[in-house]
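Visitor: Okay, predicted coordinates and the sequence, questions at the end:
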Amino acid sequence: MLTGKDAIYSQPQAVEPFRFDQAVAEVFPDMIQRSVPGYATIIDTIGQLVGKFAQDDSHIYDLGCSLGAASLAASKNLKAKDCKILAVDNSAAMVERCRLHTKAFKSAAPIEVICDELQNIDIANASVVIMNFTLQFISPEQRASVIDKIYQGLKPGGILILSEKLRDTQTMANEVLIDLHHEFKRRNGYSDLEISQKRSALEDVMRIETYESHQQRLSNSGFKEVVQWFKCFNFASIVAIK
């Protein structure tokens, strides 16, 4: 599948709220690699975790699947038998490309790509649920109910993999992490204009929280063990075990 270089914010413009539209779908692999530190490591490790925790005759959910990178990593590492991967995204442009992308690879389990709001999806018979930088785009008021539903739909011993951009509780420390992330983007070829305009576009769309907030929500839902297995600057990934 052909993808282009992300130049969406390279020219001065009236910045509108960020959307996962056709323009973003066309450059998403380049955008995510140049914007999220450790993204390749996160995807690879999601695959490893699926290999370890997926159970026979169960479902694996990829909620907010974008172009299907996590679903394909899950399929590549799957050892359990008779599993099905359900990849969900609310962007028609993303889903269209995800379907083409997943069909191009030989899969160890069927991957069903669904265009819908993840809040509308029933979670059932799940051994693994993946939310890779997805919850941060859900309204904060809905996040507890989303996590509750996932917990209820997980089999005993099942896991939720939750990757998120975080806000540090300490003001100066938080600014240090933001500065380091911006420098990461500069070293990956983004200009200060692109960084500024992208930040403005995401301001009211992506609402980030502290690690402690995520940990408390997961605990409140019933997860007994929660571990932050990855962190680079203000990006992290968490595993919660039922």
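Guide: Ah, there it is.
Visitor: This protein: helices as residue ranges?
Guide: Counting by DSSP state H, the chain has helices at residues 22-35, 39-53, 69-77, 92-103, 140-153, 171-187, 192-202, 211-221.
Visitor: Kindly compare burial across those helices and name the winner.
Guide: Of all these, helix 69-77 has the most neighbours on average by mean count of other Cβ atoms under 10 Å, namely a mean of 24. Every C-beta, even on glycine, is put in place using the N, C-alpha and C of the backbone.
Visitor: Give me the packing partners of it, helices and strands only.
Guide: helix 39-53, strand 59-63, strand 84-89, helix 92-103, strand 111-115, strand 126-132 (3 or more Cβ pairs under 8 Å, 6 or more residues apart in numbering; DSSP states H and E).
Visitor: Just give me the longest strand of this structure.
Guide: Counting residues, the longest strand found in the chain (DSSP state E) is strand 154-165.
Visitor: what's residue 20 sitting at in phi/psi?
Guide: Residue 20 adopts backbone torsions of phi -90, psi 70, taken as degrees, to the nearest 10.
Visitor: doesn't residue 96 make contact with it?
Guide: No: counting by Cβ atoms under 8 Å, residue 96 is not a contact partner of residue 20; they are 11.6 Å apart.
Visitor: Mutual contacts of the two, please.
Guide: Any residue near both residue 20 and residue 96 by Cβ atoms under 8 Å, 6 or more residues apart in numbering counts here, and not one turns up.
Visitor: Stretch 103-115: how far from the chain's middle?
Guide: Relative to the centre of its chain, stretch 103-115 is centred 18 Å away, using Cα atoms, centre = their mean, to the nearest Å.
Visitor: and it, how far apart are its ends?
Guide: For stretch 103-115, the first-to-last residue distance is 16 Å (Cα to Cα, to the nearest Å).
Visitor: Ok, stretch 56-74 next?
Guide: 14 Å.
Visitor: Any idea how far that stretch is from the middle of the chain?
Guide: Worked out by Cα atoms, centre = their mean, stretch 56-74 lies 11 Å from the chain centre.
Visitor: which ones are touching the spatially most central residue of the chain?
Guide: Nearest to the mean C-alpha position of the chain, by Cα atoms, centre = their mean, lies residue 132 at 1.7 Å. With contact taken as Cβ under 8 Å, 6+ apart, residue 132 is in contact with 42, 43, 46, 62, 64, 66, 69, 70, 161, 163, 237.
Visitor: for the residue of the chain most remote from its centre, phi and psi?
Guide: Note on the chain: the largest C-alpha distance from the chain mean falls to residue 12, namely 28.5 Å (Cα atoms, centre = their mean). Reported as degrees, to the nearest 10, the phi and psi values for residue 12 are phi -60, psi 140.
Visitor: Can you check the pLDDT for residue 98?
Guide: For residue 98, the model assigns a pLDDT of 95.
Visitor: Just give the closest residue to it, not the sequence neighbours.
Guide: residue 68 (4.3 Å; Cβ to Cβ, 6 or more residues apart in numbering).
Visitor: separation between that neighbour and residue 99?
Guide: Using Cβ to Cβ, to the nearest Å, residue 68 is found at 8 Å from residue 99.
Visitor: Next, show the common contact partners of the two.
Guide: In contact with both residue 68 and residue 99: residue 113, using Cβ under 8 Å, 6+ apart.
Visitor: pLDDT below threshold where in this structure?
Guide: For the chain, the stretches with pLDDT under 70 are 1-3.
Visitor: give the contact list for the residue nearest to residue 107 when sequence neighbours are not counted.
Guide: Counting by Cβ to Cβ, 6+ apart, residue 75 is the residue found nearest to residue 107 once chain neighbours are left out, at 4.4 Å. Residues near residue 75 by Cβ under 8 Å, 6+ apart: 85, 105, 107, 108, 109, 111.
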